[in-house]
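[1] Sequence unavailable; structure follows:
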């Protein structure tokens, strides 16, 4: 499964549907919703945490959370 | 005279410390139960209430 | 007749909400606590018009009314409780022009509670640089509110905001979203059961069970058991609600907000490339730390010397001008030095918080959290533990209070428990005097002074002890806790002096008043215990004269002997002699034993106590050091302060939990006596064992 954790720096992707129990409400409220765009800005050593833009918001989340969110790459 | 002042000051200091370290914890413990976020008596840290 | 209305300032973190609050309320603000919980309550007043005053409450920053932490819960608690005396007549939502989309989520939620709501879009001064343009009239229509563009930096729009607040009655109360559309069946049932209640409000109360803990049900009158949905279903509905809100917001902004990304200037990415770099990021961070510590040490010597001299002068002046007697002595020998001991740390603490506050205001701290999180987690801590650990080098009290933003309870608890190991400012005077007494003055390899090296090692020990005990606690404490970590990376901005100033003031006050009262009280008690005694104490003169009949001592020597005898037979001397067997294996005598006990007030009291013990009755200005080096260990006739006992003492101070004030704060922040007591027990036991081993090995 291609997840946020698989992104390379600068890559853009779209978030795919995910089940309710996987992602905490707070992250949803910060913009992590299916259909929204996510870009990887920077990764810390061991890819943990990841610094992303999600739906225009700049934030960082841990790898264990990033792994759970499936994405689809935007090409071009 | 001066001795009296000293004893007074001493009692104030001791009283303050006793109040802070002995009395308040007992008193606050009781008060907390009624205003706690979780009416069901979850002492913070004991379960997943994230109340801190 | 002046009327007063309640205004609530609400908004996401990092929107400059505090700046707006500061501008509106100025010095009228007071900071307290919400009853029973450890969340800060900030309120103040603002004169809106001639006969209208606003009581403004600055609510904790939150991203939504669905609370995921204690301080976020404070927000929803207030907004659901019309009976609360702070319940707002009007809510001002502070948004940030660059994050408008996300900020509006909270806005629509509040509006749906039918509270008159104003939207204040802050950082409007950045609109040009970011090529953002907004159709305010249309946005006002779509959202059903009044909007004002403000800049807390340039101080624009504030009067317009005040105007809007004064005219709050003209604000529309129509909700943005029709909440029942999320699950029509469910909401119909909800409304039927509680026909008098507002629908969205009901929804929030029900979902609080899902988010958090059961709210005090009395908030909504007469709630009977309601056939609610299962938890997973409710969560699904919450998700649907969030999606619905964002659909509304996206739709609204599409027509009213435009960004010309080609012309937008982006400083953030350029800074981030370097500051979060896998290698340079860390180099820069450590360089920043080094700079800060260097500056603090350099800058604080001047004010500290000034304070030291002032208090000495004060003490002398009082001694000469107060009527002689025991109470006057209490003042000049107990209270004044006690106060001095507190005041002298203010420069160091203030400077440290000055730097930390600047780093936080600028936005850099979030990047530090990002860099350090992974490493910290290996030890059971969080990236957000960095600020408390660094703050601990000044004083553990504000450091422990700074752990409040750590979401994960276990990580927060561990941070609180290990922070006292960090070498705080109070340990320094003890370290310095012992080091200068027992460590030789040479240089290692001709470069590093041995004394300086010892100090560095002690700092390292403190930090290592913190990290290692965190690791152990992580393995052995079995505490379930939600582990959701998110840190927003705000835009870089120049710190506002006013905000920094107010923060420094608050943190310093917490030290002075939190620790100050306890230190003063203990100083008084210790002094009294050292100046009164049973039995022999009261016949001191006779006894000493008799003892030294044959010796033909000078007046000075007699005075010293008398003072010494009195001390030994005072209440505190009795306590000291009582514990002497316990401390002798560590290389100390009963006098040092007394000093150790008195350090429970504050570590630096050690010096003052020794000064009292060794120079009591001595008019000559003999330095404490000289007296200390002259002390003889009665059991072997050798100097009491030698390398072995010195190092033993240093190690004891490094590891012992002596500061009563810290224990009080730990108790408050963890809401139980269990943790501080364990801290006291384990840390002191560790200190004892290490000091014992050190002395026995080195002697």
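    Looks like it came in fine. Here the structure is a predicted model, which is why all the values come from computation and not from measurement.

[2] my read: residue C:289 touches residue C:390, true?
    Yes: in this structure residue C:289 lies within contact range of residue C:390 using C-beta atoms under 8 Å: 7.1 Å. In short, each C-beta sits where N, CA and C put it, glycine included.

[3] So between these two, which is more surrounded?
    In this view residue C:289 and residue C:390 are compared by other C-beta atoms under 10 Å in any protein chain shown, and residue C:390 has more residues nearby, 20 against 15.

[4] next structured bit after the helix or strand containing the more buried one?
    Assessed by DSSP states H and E, residue C:390 sits inside helix C:386-391. Sequence order places helix C:396-401 as the next helix or strand after helix C:386-391, per DSSP H and E.

[5] and that following helix, what's its mean pLDDT?
    Helix C:396-401 carries an average pLDDT of 87.

[6] about what we covered before: got any residues that touch both of residue C:289 and residue C:390?
    Common neighbours of residue C:289 and residue C:390 are not found (criterion: C-beta atoms under 8 Å, 6 or more residues apart in numbering or on different chains).

[7] what's the longest strand in chain A?
    strand A:37-43 (DSSP state E).

[8] what's next to that one, contact-wise?
    So strand A:37-43 is contacted by A:4, A:7-15, A:32, A:50-55, A:58, A:71, A:74, C:269, C:272-273, C:276-278, C:370 (C-beta under 8 Å, 6+ apart).

[9] Which of those fall in strands?
    Those of the contacts of strand A:37-43 lying in strands (DSSP E): A:12, A:13, A:14, A:15, A:50, A:51, A:52, A:53, A:54, A:58, A:71.

[10] now, which of those lie close to chain C?
    Restricting the ones in strands among the contacts of strand A:37-43 to those within reach of chain C (C-beta under 8 Å from any C-beta of the partner chain) leaves A:51, A:58.

[11] Just the buried ones from the ones in strands among the contacts of strand A:37-43?
    Among those, those classed as buried by 16 or more other C-beta atoms under 10 Å in any protein chain shown are A:13, A:15, A:50, A:51, A:52, A:53, A:54, A:58, A:71.

[12] Assign a three-state SS to residue C:173, would you?
    coil (DSSP: H, G, I helix; E, B strand; the rest coil).

[13] Do I have it right that it meets residue C:114?
    Yes: Residue C:173 is within contact range of residue C:114, at 4.7 Å (criterion: C-beta under 8 Å).

[14] Those two: which is more packed in?
    residue C:114 (15 against 12).

[15] Please report how far the more buried one lies from chain A.
    21 Å (C-beta to the nearest C-beta, to the nearest Å).

[16] low-scoring pLDDT stretches of chain A, where are they?
    A:76 (pLDDT under 70).

[17] dump the residue contacts of the nearest residue to residue C:243 once chain neighbours are set aside.
    Closest residue to residue C:243 apart from its sequence neighbours, by C-beta to C-beta, 6 or more residues apart in numbering or on different chains: residue A:33 at 5.8 Å. Residue A:33 makes contacts with A:15, A:55, C:242, C:243, C:246, as judged by C-beta under 8 Å, 6+ apart.

[18] Show the average pLDDT along whichever helix in chain B runs longest.
    In chain B, assigned by DSSP state H, the helix with the most residues is helix B:2-18. Mean pLDDT, helix B:2-18: 88.

[19] Touching it from outside, list them.
    C:323, C:325-328, C:330, C:517-518, C:520-522, C:524-525, C:528, C:531.

[20] and what of stretch C:334-346?
    Contacts of stretch C:334-346 (C-beta under 8 Å, 6+ apart): C:303-304, C:307-308, C:311, C:314-315, C:318, C:394-395, C:425-426, C:508, C:511-512, C:515-516, C:519-520, C:522-524, C:526-528, C:601-602, C:604-605, C:608.
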